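> mind looking at a prediction? Sequence and model below.
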Amino acid sequence: MQKINVMSNIYIGYHFTIDPVELGSEILIAELGEKAFESFIETETGISAFVQKELWDTNILEDIQILSNPEFKIEYTFEEIEQVNWNEEWEKNFEPIDVDGLCHVRAPFHEPTKALYDIVIEPKMSFGTGHHETTHMMIQHLLEMDVTNMKTLDMGCGTAILAILAEMKGAKPIDAIDIDNWCYLNSIENAERNLCKHITVYEGDARLLKNKNYEIGRAHV
């Protein structure tokens with residue numbers, strides 16, 4: 001999801017339902033990001049994607065490969081939207097989550113709770129909010145582990161939510177890496193937002209981690 005601090009005029013909004021939702025959403029966002037689409041919002045069933053009308057044409061989805069991939073079932077509608085307040089859309093669609101009463105994941109505009117681990121993130125266009133099943137399960141797994149002083153890797157870090165939780169639980173040092181520039185920048189912001197001192201964020205692939213060893217690692221697939 002991307003938060004934009006402007007009021008825009010006219011956009012075309014596409015609303016996709018995707019099955020399987022998590023992997024399909026990530027692939028679809030990557031492909032749409034190569035087009036003129038500039039804002040994405042996660043939903044329970046897929047994503048909404050937005051493009052300025054002046055940059056839109058009826059063939060904009062013509063070469064989006066995942067739409068013809070038999071491994072995914074994707075349906076969509078689209079509409080013209082005037083005067084979109086992206087901040088309101090972003091806030092409306094990002095709900096805080098609670099994982100087993102121990103970990104609370106929220107945006108800066110949500111009230112804190114008394115959870116042992118209170119994580120504040122602004123996901124922007126990055127994935128890894130804790131809403132998807134894979135990330136939620138990884139949070140649960142981390143909560144059960146003793147990672148004190150363990151050298152840790154968050155591969156495909158997205159928002160760096162897992163790296164942040166690992167540091168809160170005592171892991172160090174921690175490397176977080178993603179090939180996506182939005183994820184890289186967002187992970188740096190989120191690590192700073194949560195006052196993390198032991199997370200190093202990289203933009204690129206596994207080649208940047210050559211000759212490094214970790215005691216605990218998470219690969220996003």
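Ah, there it is. Numbering: from 1, shown residues only.
> contacts only, for residue 206.
155, 177 (CB atoms under 8 Å, 6 or more residues apart in numbering). No exception for glycine: its C-beta is placed from N, CA and C like everyone else's.
> roughly how far apart are it and residue 155?
Relative to residue 155, residue 206 is positioned 7 Å away (CB to CB, to the nearest Å).
> give the residues shared as contacts by these two.
In contact with both residue 206 and residue 155: residue 177, using CB under 8 Å, 6+ apart.
> pLDDT below threshold where in this protein?
For the chain, the stretches flagged by pLDDT under 70 are 1-9, 83-93, 123-133, 218-221.
> how deep is residue 121 tucked in, by neighbour count?
The tally of other residues near residue 121 (other CB atoms under 10 Å) stands at 26.
> again but with residue 207, I slipped
Residue 207 has 6 nearby residues by other CB under 10 Å.
> before we move on, what SS does it have?
Secondary structure, DSSP: H, G, I helix; E, B strand; the rest coil: residue 207 is helix.
> which residues of the protein fall in strands?
10-19, 39-42, 46-52, 73-82, 97-99, 103-106, 117-120, 152-155, 174-178, 199-203, 216-219 (DSSP state E).
> quick one, which of those strands is packed in tightest?
Between the strands of the chain, strand 174-178 has the highest mean count of neighbours, a mean of 26, where neighbours are mean count of other CB atoms under 10 Å.
> let me know the angle separating that one from strand 199-203.
20 degrees (axes from the mean of the first three to the mean of the last three CA atoms, to 10 degrees).
> can you redo the strands of the chain as CSV with distance to residue 188?
Below are the strands of the chain laid out as CSV (distance: least, CB to CB, whole Å):
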stretch, distance to residue 188
strand 10-19, 28
strand 39-42, 20
strand 46-52, 24
strand 73-82, 31
strand 97-99, 22
strand 103-106, 18
strand 117-120, 14
strand 152-155, 13
strand 174-178, 9
strand 199-203, 5
strand 216-219, 18
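> next, the contact list for residue 213, please.
Residue 213 sits in contact with residue 151, where contact means CB under 8 Å, 6+ apart.
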